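In: based on what follows, work out the 3D shape:
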Amino acid sequence: MAARINVIEIDRGWSNIEKNIRKMGGAETRVGLFGSGGGADENLAARASVQEYGSRRWKGGGRPFMRQSFDKNVGDLERLAKKEYDQVVDQKQSVSKMVKTVGAWMEGKIKETITTGNFRPLKPATIRAKGSSTPLIDTGQMRNSITHKDKVR
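Out: Coordinates of the predicted model:
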């Protein structure tokens, strides 16, 4: 007579961990200024691009607030991303929360750089025209328009 063996599978959350790891493969956050296909915010995104990269007409080049933010904070960003990843794997938070946390953090760093970044000084004529020597900030509209868009598939 053959022995009868009963096998009981105890998941302990592994299937959920696998599902979340697959989700993380399609997760992303984009941080910056996003035009909506026209109007004032589209113009603002275009002006921010000129500030970031410069233009043919603007011989002095750009004031790279986004690249400066990333370069200055890449180590901290990697540590945050790992910490958030571990929280998902440990089933302490969702993939959506992870992506939102990283996006909001980087959004804050870009806004901080706009305010306190290391930029070449404005020309005297520009200072007179705008009434301030602070690069990148005139009305604050560009800084306030920095946001993040998150996607989890």
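In: would you quantify the distance from residue 3 to residue 9?
Out: Separation of residue 3 from residue 9 (Cβ to Cβ, to the nearest Å) stands at 19 Å. Yep, even glycine has a C-beta here, placed from its N, CA and C like the rest.
In: residue 93 too?
Out: Distance of residue 93 to residue 9, given as Cβ to Cβ: 26 Å.
In: check contacts around residue 98.
Out: The neighbours of residue 98, taking Cβ atoms under 8 Å, 6 or more residues apart in numbering as the test, are 24, 27, 84, 85, 87, 88.
In: where does confidence bottom out across the residues you listed?
Out: Least confident of those in the model: residue 24, at 86.
In: what packs against whichever strand or helix holds residue 127?
Out: Assessed by DSSP states H and E, residue 127 sits inside helix 124-130. On a contact count with 3 or more Cβ pairs under 8 Å, 6 or more residues apart in numbering; DSSP states H and E, helix 124-130 meets no helix or strand.
In: related to what we said a few turns ago, so which of residue 3 and residue 9 has more stuff around it?
Out: residue 9 (7 against 4; other Cβ atoms under 10 Å).
In: and that one, that one's in a strand?
Out: No: read with DSSP: H, G, I helix; E, B strand; the rest coil, residue 9 is coil and lies in no strand.
In: what about the helices in the chain?
Out: Taking DSSP state H as the test, the helices found in the chain are 14-25, 39-53, 65-89, 95-116, 124-130, 141-145.
In: most packed of those helices?
Out: For those, the largest average neighbour count (mean count of other Cβ atoms under 10 Å) is found in helix 95-116, namely a mean of 19.
In: could I get the contacting residues of residue 18?
Out: Taking Cβ under 8 Å, 6+ apart, we find residue 18 in contact with no residue.
In: repeat for residue 85
Out: 24, 98.
In: so it versus residue 106, what's the distance?
Out: Using Cβ to Cβ, residue 85 is found at 15 Å from residue 106.
In: just the CA atoms of stretch 44-53, as CSV, please.
Out: Extracted in CSV, the C-alpha atoms of stretch 44-53 (Å, rounded to 0.1, in the frame of the first residue of the first chain):
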residue,chain,number,x,y,z
LEU,A,44,5.8,77.9,-19.2
ALA,A,45,7.2,74.4,-20.0
ALA,A,46,8.9,75.9,-23.1
ARG,A,47,10.4,78.7,-21.0
ALA,A,48,11.6,76.3,-18.4
SER,A,49,13.3,74.3,-21.2
VAL,A,50,15.1,77.4,-22.3
GLN,A,51,16.2,78.0,-18.7
GLU,A,52,17.4,74.5,-18.4
TYR,A,53,19.2,74.2,-21.7
